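>>> Make a model of this:
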Amino acid sequence: MKNIYLFIIFILALIPFCSATNYFEKEFGDSALINYGNSVQQLPGGSIFFAGSSNSNFIGGSDLSLTKLDAEGNFIWRKYFGTANDDFCSRMIVKNNILIICGQSYNNTTSTADGILLAVDTNGIELWQHNYGSSVVSEAFFGVCSAINGGYLVCGIKSGLTQYSGDFWLVKTDSSGNLQWETTYGDQGVQETSDAIVQLSNGDIFISGDKGISTSAYNAWIVKTDSLGNEIWDRLMSNPNNGGCKNICFSSDNLIYVIGEAATDSSADFDIQVSKIDTSGNLRWVRYITATNQSDAGFDMKETDDHKFMITGYYFDTMQWQKRIPMILIDTSGNELGRKLFGTTLQNIGYEIIQSVNGGFLIGGTDFMNGQCILIYNNVTDNDGIDEIKNRNTIAVYPNPAFNQFNVHLLLTGGMLEVLDISGRNIMSVPVSETDFNIDASMLKSGIYILRLNTGQNIIYSKLIIE
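Below is the predicted model of the structure:
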């Protein structure tokens, strides 16, 4: 009898593993339309809801779209919502099995926009829908969260009457979406755009976004308010280079992580930027997840069960020469621990990452080349891509494309740097005695070249374009 009980226990222990969902990467959307995917949520039973927009013209112009899928990413249904105007989705949350979607509604006749907020149940039935704003200026929503005293907090931008003038916009509604109060934050004549919002259990509200530091450059900006929207402090993540913020994550150790992007001294193209501040606005650190001198950005991050953080956004893959969707694991000090890349076309962006009820993470994003939504289910551990991470950026080249000369930054010295043409023929060889140096490219014809660094222990490659 004891053996039978042990056998039953053994079988029961295997059930979760036998029924576990396999990792997947799927594209979906009406093939006759241009589809955008912005936000993903999953219910405890496994059902996945994916919000976005498309040029369906079912209701009027572009419409908000909501797709339901099962835990394996298989399509169940898709429904459209919105107004007679062009409606675009920004973000979705779930509260009490109700899906709350925010975005903007653009009127082509008046060339103005309003914030839009709607509630949909899990059967795809619209419960309510509201537009917010004035007819004089434009408004849009980009972030939403539940309010601790009921209802919702929604943030975005309220534009001004002059160029480069817009403010953080905060709206408080009741549980049916009725406006209770609204306010703005920002400086006169300076462009500010908020993109994410969280409220703590004590009522404090944190709003993140971008603040203009010139007519062409931005820095990440955080505003803290009380539960009624009264400003307590603001913090600019000062950086002489252009950059910005896409989202914030409040961690289990009561700190705030700001995810976005910033240019570097070596390139005007962005790297993923992560900042860490406390609830008093004190900056703990700023880190960059460096890749190549191409454009990379972080759009969302979530804390893992073991108190690390998973990031998504876009990441330029020089091996495939594509803008791909990353799933990047970092520790609490901002050190990259592992990475996987997804997407098969030239331009893909992951907008939201959430922890799956089956373990691992779900990413919702867009394949811009095919005009399709992307849903990714996968996971990253400390060991994933670790060799690539150790070797990446060993050859940093800028500018790239180059004309008469280009600069090289290496993490090590010694060995030989070779310039090869596309057929593999050696064009020139440069002994490596410094970590930073420049190379005369005037003798190179326009085209694609391969840089090969041979250290004697490793051979590392990078791509160079000569204009």
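>>> residue boundaries of the helices in the protein?
Ranges of helices in the chain, per DSSP state H, are 2-18, 386-391.
>>> and the shortest one, what's its mean pLDDT?
Read it as helix 386-391. Average pLDDT, helix 386-391: 58.
>>> What is the burial count for P431?
P431 is flanked by 10 other residues according to other C-beta atoms under 10 Å. In short, each C-beta sits where N, CA and C put it, glycine included.
>>> Which pLDDT value goes with the closest residue to it other than its chain neighbours?
Nearest residue to P431, sequence neighbours excluded (C-beta to C-beta, 6 or more residues apart in numbering): M416, at 6.0 Å. M416 is assigned a pLDDT of 87 by the prediction.
>>> surely M416 meets M428?
No: contact between M416 and M428 fails when scored by C-beta atoms under 8 Å: they sit 10.5 Å apart.
>>> re the thing from before, pick out the shakiest of the helices of the chain, pLDDT-wise.
Among those, helix 2-18 carries the lowest mean pLDDT (a mean of 40).
>>> returning to that earlier point: specify the beta-bridge partners of the residue nearest to P431.
Beta-bridge pairing for M416 (DSSP bridges): P431, N454.
>>> same check, this time on W221
On the basis of DSSP bridges, W221 is bridged to G209, L236.
>>> neighbours around it, how many?
If you count neighbours by other C-beta under 10 Å, W221 ends up with 26.
>>> what sits against it?
Going by C-beta atoms under 8 Å, 6 or more residues apart in numbering, W221 touches F168, E192, S208, G209, D210, K211, D234, R235, L236, M237, C245.
>>> if you set the cut-off to 7 Å instead, what comes out?
E192, G209, D210, K211, D234, L236 (C-beta atoms under 7 Å, 6 or more residues apart in numbering).
>>> for stretch 414-427, which positions count as buried?
Neighbour counts over stretch 414-427 (16 or more other C-beta atoms under 10 Å) mark G415, L417, E418, V419, L420 as buried.
>>> Would you check how far apart the fourth one and V397 are?
When C-beta to C-beta, to the nearest Å is the yardstick, V419 and V397 sit 11 Å from each other.
>>> Give me the common contacts of those two.
Common contact partners of V419 and V397 (C-beta under 7 Å, 6+ apart): L451.
>>> where does the stretch 51-200 of the chain dip in pLDDT?
Within the stretch 51-200 of the chain, the ranges that satisfy pLDDT under 70 run 161-164.
>>> how about a cut-off of 90?
For the stretch 51-200 of the chain, applying pLDDT under 90 flags the ranges 56-61, 108-111, 134-137, 160-165, 188-189.
>>> do the stretch 201-350 of the chain as well
214-216, 237-243, 262-271, 286-295, 316-322, 344.
>>> Mind listing residues that contact stretch 272-292?
In contact with stretch 272-292 (C-beta under 7 Å, 6+ apart) are residues 204, 220, 222, 224, 233, 235, 237, 243, 254-262, 264, 271, 296-298, 311, 313, 315-316, 318, 328, 330, 334, 336, 392-393.
>>> Give me the buried entries from those.
Buried subset of the contacts of stretch 272-292 (neighbour count, 16+ other C-beta under 10 Å): 204, 220, 222, 224, 235, 237, 243, 256-262, 264, 271, 296-298, 311, 313, 315-316, 318, 328, 330, 334, 336, 392-393.
>>> Which of the residues you listed fall within strands?
If you go by DSSP state E, the buried ones among the contacts of stretch 272-292 have 220, 222, 224, 235, 243, 256-262, 264, 271, 297-298, 311, 313, 315-316, 328, 330, 336 in strands.
>>> re the thing from before, closest one to L341 out of the buried residues of stretch 414-427, please.
Among the buried residues of stretch 414-427, L420 lies closest to L341 (C-beta to C-beta), at 24.6 Å.
>>> Just list whatever residues bridge to the residue lying closest to that closest one once chain neighbours are set aside.
Closest residue to L420 apart from its sequence neighbours, by C-beta to C-beta, 6+ apart: I450 at 4.4 Å. Beta bridges link I450 to L420, K463, judged by DSSP bridges.
>>> quick one: pLDDT of I450?
In this model, I450 is scored at 84, pLDDT.
>>> so what's the residue positioned nearest the centre of the chain closest to, chain neighbours aside?
Residue closest to the average C-alpha location in the chain (C-alpha atoms, centre = their mean): F299, at 1.6 Å. Leaving aside its sequence neighbours, F299 sits nearest to G313 (C-beta to C-beta, 6+ apart; 4.0 Å).
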